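J.: task: produce atomic coordinates for the following.
(chains A and B)
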2 protein chains.
Amino acid sequence: MLFFFTMLLLNNPASGQTDWYDPLRVDFPVIEGRFMDKKDYFRLPSELQLVVRKEVWELSKNSAGLSLGFLTDATEIQVKYTVKGNHQMPHMAATGVSGVDLFVRESKEEWNWARGVYNFGDTIQYIFRIDPNPTIEKEFKLYLPLYNEVEYLSMGVRKGHTFEFIEKNSKAPIVVYGTSIAQGACASRPAMAWTTILQQAVGMPLVNLGFSGNGLLEKELIDWISKKESSLIILDCLPNFVPGKGISDDEVRARIQYAARKLRTGNPKVPVLFTAHAGYSDQYVDQSRRDLVTKLNTILLEELDKLWEQGVHGIHHLSSQAIGLDQFDFVDGTHPTDGGMLKYAKANQNKILEVYKEKRK
Amino acid sequence: MLFFFTMLLLNNPASGQTDWYDPLRVDFPVIEGRFMDKKDYFRLPSELQLVVRKEVWELSKNSAGLSLGFLTDATEIQVKYTVKGNHQMPHMAATGVSGVDLFVRESKEEWNWARGVYNFGDTIQYIFRIDPNPTIEKEFKLYLPLYNEVEYLSMGVRKGHTFEFIEKNSKAPIVVYGTSIAQGACASRPAMAWTTILQQAVGMPLVNLGFSGNGLLEKELIDWISKKESSLIILDCLPNFVPGKGISDDEVRARIQYAARKLRTGNPKVPVLFTAHAGYSDQYVDQSRRDLVTKLNTILLEELDKLWEQGVHGIHHLSSQAIGLDQFDFVDGTHPTDGGMLKYAKANQNKILEVYKEKRK
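T.: The predicted structure follows:
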């Protein structure tokens, strides 16, 4: 049925009478979910290109966590865009790697998800249909692909309908610096990444600095984050400290210490949350993986204990127990399913409430 | 990191010293999850090829819900196989469409999931590594692809290790006749389909007769199911009665009546569970979809009421409220995420417990 619909919509003869809008050709910044404004869909500013490792820079071109808002009275909204990389990964569907997600605002707090009929050709196309009830202007938010680089994107509505991009929300964001899990693997679509679920739940901007296998608590990133205005910093890098990265346990300890001190000095009022390794679903049949999780989580707690004993304030810990992933919450043993993403988001949300309560004391 | 691992394992020089085993070349039936024994991975017997519609026959070649058991003392298990269709769909990852899932039995009730390192080439390969602790024979269960046709499959262990297929469990199965959701869309891997989660939870065989867009409560299938020995029949076809299928509301009513009466006559002791349409996640922005769900669920309840009033026993109803999918439980508006699949399975499990309790009265 879906295929039938797709053909029907994509061959719509009226599509020649569509007005197209480019979010990068507007006088004000539209793209939310990053610290800088640039005429691209990257997550790091150009000046970091020569500062961070090549792998980090390349991954920062993935549009994970970026979104854009607009107002329209149209009942059919089109998005067409091109991406640079493969449309999908074996364990992550094209709708998650390269897809978009659209939400319609129903009230101040409430957003409804809108179905997109998609076509993953050389140009990716989504067509969203909204209730053709009284045509009034509504607010929309579009989330961009989690694991691909968007090259050129355009939004279309039929001629005669209003369309207006919304200036990005410039409130100090929550920053998440982490791994592939933070970047969004293996959500089925952008809004199922735990960072996006969290962003929607708390209703404030969030900057996703998840860099697949390269979220390694690196000085360059920590120094840069320390200079930015944020409201909370989540450091969720432990799952990337696997053998093969050539990083010793002592180095992991040093990076935790550096990050904690640097961020607390740079922005003394901004809480820092260190997240434990949430585990693997195959750790029951693979002792070495069970041991790795235990070791890293022990290291983290030992280092946080040192900081707490030395009176460094505003450092928080999210335990793997609080995240609570179980055997049914993993796609491939390492990356959460959509169900796992919901648990991950909920645990972070609960912890953030706790942190703010403590802060108000 | 995963890629590195893959290369390492697939180029393993020892792989030439592997013994390969074909589950279809064994003296006893190995493939579980279907009523017949055949030297293929199809779900319907050959005699149905000219009885059911072509679409149903073609979909019955997808190995959804099929599994095979074996015993081995190997700590590395390989699976290689070829499939006939596309490896993935835009909204469903290759690991779900064409992948396999392996579980190790820890105790009578407990199974642990084993990670597979995969390579989706012309031949699909999975390599599973099990704790290299005391090499003892363990029991394994492999689940086959949800949305593809397996052509040739072979299991490999290093020379010198034991390997033995287990004869299929021939207990009367639970039968699920349904749609794409029942077939497994959009689980990230075979064991995340709700039918498989349910099968594992209740620890008995289950026959998955989910036929993508073609689960239409058809006479041919109902007649065939009525002749088979089963322990419970779940009919979950409502989501396929969409406009475009050319099936009137009266015809839907007639099919519900026919199925209920035929199955209760054929096997008077076997309970029949009719499942409501669990809804769409875009039904809040699309009135027509909200209306369709409401209409179909009303039709179902009205028809069941008639049967109950006429004293037809053993007919049960699973409501959409009991399944309880919400906006976060859908991949594309229609098909559950892995989280949605867990809710679907749990609702069925709870209902089955209720049905058996009632039966014992």
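
J.: in chain A, which spans are helices?
T.: For chain A, the helices defined by DSSP state H cover A:2-10, A:54-60, A:94-97, A:180-183, A:194-202, A:219-226, A:249-266, A:287-309, A:320-323, A:338-360.

J.: let me know how buried A:Ala191 is, in neighbour terms.
T.: Using other C-beta atoms under 10 Å in any protein chain shown, the number of residues around A:Ala191 comes to 28. From N, CA and C alone the C-beta is placed, and that goes for glycine too.

J.: which single residue in the stretch 201-350 of chain A comes nearest to chain B?
T.: Ranked by C-beta to the nearest C-beta, the top residue of the stretch 201-350 of chain A for proximity to chain B is A:Gly339, at 2.8 Å.

J.: what sits against that residue?
T.: A:Phe328, A:Asp329, B:Thr337, B:Asp338, B:Gly339, B:Gly340, B:Met341, B:Leu342 (C-beta atoms under 8 Å, 6 or more residues apart in numbering or on different chains).

J.: how much space separates the fifth one from B:Leu232?
T.: By that I understand B:Gly339. 25 Å (C-beta to C-beta, to the nearest Å).

J.: could you do A:Asp305 as well?
T.: Note on A:Asp305: its distance to B:Leu232, by C-beta to C-beta, is 54 Å.

J.: neighbour count winner among these two?
T.: In terms of neighbours (other C-beta under 10 Å), B:Leu232 is the more surrounded of A:Asp305 and B:Leu232; the figures are 24 against 11.

J.: list the beta-bridge partners for that one.
T.: B:Ile174 (DSSP bridges).

J.: just to check, A:Phe163 is in contact with A:Glu76?
T.: No - with contact defined as C-beta atoms under 8 Å, A:Phe163 does not reach A:Glu76; the gap is 11.7 Å.

J.: between these two, which contacts overlap?
T.: A:Val157.

J.: burial measure for the closest residue to A:Pro205 other than its chain neighbours, as a count.
T.: Closest residue in space to A:Pro205, ignoring its immediate chain neighbours: A:Pro173 at 3.9 Å, by C-beta to C-beta, 6 or more residues apart in numbering or on different chains. Counted with other C-beta under 10 Å, the neighbours of A:Pro173 add up to 24.

J.: ok, A:Pro173 - contacts?
T.: Contact analysis of A:Pro173 by C-beta under 8 Å, 6+ apart lists A:Gly33, A:Phe35, A:Met204, A:Pro205, A:Leu206, A:Val207, A:Ser230, A:Ser231.

J.: please repeat the previous calculation with a cut-off of 6 Å.
T.: A:Pro205, A:Leu206, A:Val207, A:Ser230 (C-beta atoms under 6 Å, 6 or more residues apart in numbering or on different chains).

J.: same check on A:Tyr280?
T.: Contacts of A:Tyr280 by C-beta under 6 Å, 6+ apart are A:Arg289, A:Gly333, A:Thr334.

J.: quick check, nearest of those to A:Asp223?
T.: The nearest member of the contacts of A:Tyr280 to A:Asp223, counting by C-beta to C-beta, is A:Thr334 at 28.6 Å.

J.: count the residues that sit near A:Thr298.
T.: 12.

J.: count of neighbours near the closest residue to A:Phe241 other than its chain neighbours?
T.: Distances taken as C-beta to C-beta, 6+ apart place A:Val252 nearest to A:Phe241, at 5.3 Å, with adjacent residues excluded. By other C-beta under 10 Å, the residues close to A:Val252 number 21.

J.: A:Leu300 versus A:Val252, what's the distance?
T.: 8 Å.

J.: what of A:Ala187?
T.: 25 Å.

J.: please say which of the two ends up with more neighbours.
T.: Counted by other C-beta under 10 Å, A:Ala187 and A:Leu300 do not tie: A:Ala187 has more neighbours, with 34 against 23.

J.: in this structure that one contacts A:Thr196, no?
T.: No - A:Ala187 is beyond contact range of A:Thr196, at 8.0 Å (criterion: C-beta atoms under 6 Å).

J.: number of residues surrounding the nearest residue to A:Arg261 once chain neighbours are set aside?
T.: In this structure, A:Arg261 finds its nearest non-sequential neighbour in A:Val312, 7.0 Å apart by C-beta to C-beta, 6+ apart. Using other C-beta under 10 Å, A:Val312 is surrounded by 16 other residues.
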